[in-house]
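# Need the 3D shape of this:
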Amino acid sequence: MNGNDPVDPAVTRLLDDPALWADVSSSLRDRVLAEATGDGVEAGDELSRRRSTGGGRRSGGPVWARPALLAAAVVVVLGLAVGGGLLASSGDDDPAGTPVALAGTENLPGAAANARLRPMPAGVAVRLDVSGLPPAPEGTFYEAWVVGEQGKVSAGTFHARGDQDEVELWLGVDPADYDALTVTRQPVQGGTLADGVVVLRGEL
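Presented below is the predicted three-dimensional model:
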């Protein structure tokens, strides 16, 4: 690609978009453009002029007429901004999820677990670290719930009898509408419909 190649409109629009630079300081902007184009002051002046005049294009501009350097500037800006946490993420604010600490109740003193709740397209993924929870006795299993004034909703069942400490469960409602995350010990005879014993509880 040489200086006579047509400028990619998508690249030009991206560099002209104020949102790209909204959280980038003027000094970082100038440094990025200097690194990408070798003419940071002129590039910065051009950007400032465009922003103040509503984005008008100057014909024959020394920076925007260089497609290869425009692409390089985009890569550098996005790399520095995203790497430095300067641009807002398009995904979850907290990719790891919302942590919830669960403590043992009087029915199982000393037990503990940690949960992370993460909204996903199919529902809310619930990851339980049950390393502080003893395996469910034979004839029983554990069930996770969100509970509140409107009742309780199951997030799934497990027994924790193997070597794996992490359990993956799913919830089909918004946990923000509930007060707590609990784990009950359920009898196999009666299953999820039986009144289980609450062994862990954590506030949401």
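
# show me what contacts residue 202?
For residue 202, the contact set (C-beta atoms under 8 Å, 6 or more residues apart in numbering) comprises 100, 101, 102, 103, 113, 115, 180, 181, 182. Heads up, the C-betas are built off the backbone N, CA and C, glycines and all.

# Please type out the PyMOL selection for whichever of those turn out to be buried.
Typed into PyMOL, the line below selects the buried ones among the contacts of residue 202, using 16 or more other C-beta atoms under 10 Å:
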select buried, resi 100+102+113+115+180+181+182
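
# which one of the contacts of residue 202 is nearest residue 174?
When these are compared for distance to residue 174 (C-beta to C-beta), residue 181 comes out closest, at 13.0 Å.

# which residues does the closest one form a beta bridge with?
Here residue 181 sits in beta bridges with residue 146, residue 202, going by DSSP bridges.

# Where do the domain boundaries of the protein fall?
With domains defined by automatic domain parsing, the chain comprises 9-83, 98-203.

# Which of the ones you listed comes out lowest on mean pLDDT?
Looking at the domains of the chain, the lowest mean pLDDT belongs to domain 9-83 (a mean of 56).

# Can you name the residues in contact with the helix or strand containing residue 119?
In this structure, residue 119 is located in strand 112-120 according to DSSP states H and E. Residues from elsewhere that reach strand 112-120, judged by C-beta under 8 Å, 6+ apart: 92, 94-104, 124-133, 144, 171, 175, 181, 183, 200, 202.

# for stretch 97-106, same thing?
With contacts defined as C-beta under 8 Å, 6+ apart, stretch 97-106 is touched by 110-118, 125, 127, 175, 181-183, 198-204.

# So among those, which ones count as buried?
Of all the contacts of stretch 97-106 considered here, the ones buried according to neighbour count by 16+ other C-beta under 10 Å are 111-117, 125, 127, 175, 181-183, 198-202, 204.
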